[in-house]
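Student: Quick one, structure for this:
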Amino acid sequence: PAIEAILNTKLSCEIEEPRLKKDENIEENSSRLLDLLTLVSSAILSSARECPLPIRQFFHFVRTLVTKKWPNAETAKYTSVNGFLFLRFFAPALTDPVGFGLSKEFPTDRQERTLSLLAKVLQKIANLQEFFEDKPHLQNLNPYLRSQRPVVQKFVDEISDDTDLLISGNSRTENLEIFVEEDCACIVRYLGSIKRTLRKRQTDSKPVISKILEV
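Tutor: Just a heads-up that it's a prediction; the model follows:
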């Protein structure tokens with residue numbers, strides 16, 4: 001539904017002044033972008049219980065290792081999980097909905113720009129960061145980014161919690177390395193199988209795909 005709403009949006013969400021057309025209003029575009037951002041982030045951050053068990057096991061394993069290595073880095077246990085999940089799944093799915101099976105119709109140039117902006121902001125939300133002077137056109141979104149920090153942390157807590165990974169009262173942490181090896185192998189095989197497709201779709205406007213190809 002979130003992707004459909006974006007692709008059904010014919011109006012511009014452009015908020016970078018040099019890119020604005022004469023008949024566009026930056027305040028209206030910004031409000032429209034925030035509405036779509038709220039829709040997308042809410043859909044993602046409310047889906048923790050739908051995360052498959054093997055992936056949750058993988059995230060629990062990652063979080064456990066990061067916490068042991070950097071016990072005083074409070075945000076590391078969140079960004080380590082989100083760095084994987086958002087950069088390699090959610091952001092690419094946003095910028096290429098057809099390639100990820102979320103839409104049968106290719107987005108227009110305007111819709112591609114909206115998807116690209118949403119992916120950029122979503123990555124900031126995942127990293128618990130804000131926009132600074134180098135992105136002045138996105139700084140007005142910072143209040144929303146700050147409001148989402150506890151929501152993001154709760155989301156990561158849920159998808160990496162070991163509560164549902166218990167068997168007969170014993171944690172399965174000792175077995176997670178096996179799951180991680182198998183899951184990573186599946187991910188590598190999948191990325192390898194679609195690498196040619198990704199290269200065809202790679203453009204300067206889709207830097208996320210370039211990052212995937214470097215993995």
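Student: Enumerate every residue touching the residue nearest the centre of the chain.
Tutor: With distances taken as C-alpha atoms, centre = their mean, Phe86 lies nearest the centre of the chain, 2.8 Å away. If you count contacts by C-beta atoms under 8 Å, 6 or more residues apart in numbering, Phe86 has them with Leu122, Gln123, Ala126. To be clear about C-beta, it is placed using only N, CA and C from the backbone, and glycine gets the same treatment.
Student: For burial, what's the neighbour tally of the last one?
Tutor: Here the count is done by other C-beta atoms under 10 Å, and Ala126 has 26 residues near it.
Student: Report the contact partners of it.
Tutor: Counting by C-beta under 8 Å, 6+ apart, Ala126 touches Thr79, Asn82, Gly83, Leu85, Phe86, Leu87, Phe90, Val152.
Student: Keep only those of the contacts of Phe86 that are in helices.
Tutor: Leu122, Gln123, Ala126 (DSSP state H).
Student: residues near the spatially closest residue to Ala91 that is not a sequence neighbour, how many?
Tutor: Excluding the flanking residues, the one nearest Ala91 by C-beta to C-beta, 6 or more residues apart in numbering is Ala119, at 4.3 Å. As a burial measure, Ala119 scores 22 neighbours (other C-beta under 10 Å).
Student: Would you tell me what helix or strand Ala119 is located in?
Tutor: Take DSSP states H and E as the rule and Ala119 turns out to sit in helix 109-126.
Student: Figure out how far that helix is from the centre of its chain.
Tutor: The chain centre lies 10 Å from the centre of helix 109-126; the measure is C-alpha atoms, centre = their mean, to the nearest Å.
Student: picking that back up, just curious, which of the ones in helices among the contacts of Phe86 is nearest to Glu27?
Tutor: Comparing the ones in helices among the contacts of Phe86 against Glu27 with C-beta to C-beta places Leu122 closest, at 21.7 Å.
Student: so that closest one makes contact with Ser42?
Tutor: No: assessed by C-beta atoms under 8 Å, Leu122 is found out of contact with Ser42, at 11.5 Å.
Student: Settle it for me: which of these two has more neighbours?
Tutor: Neighbour count, other C-beta under 10 Å: between Leu122 and Ser42, Leu122 has more, with 22 against 13.
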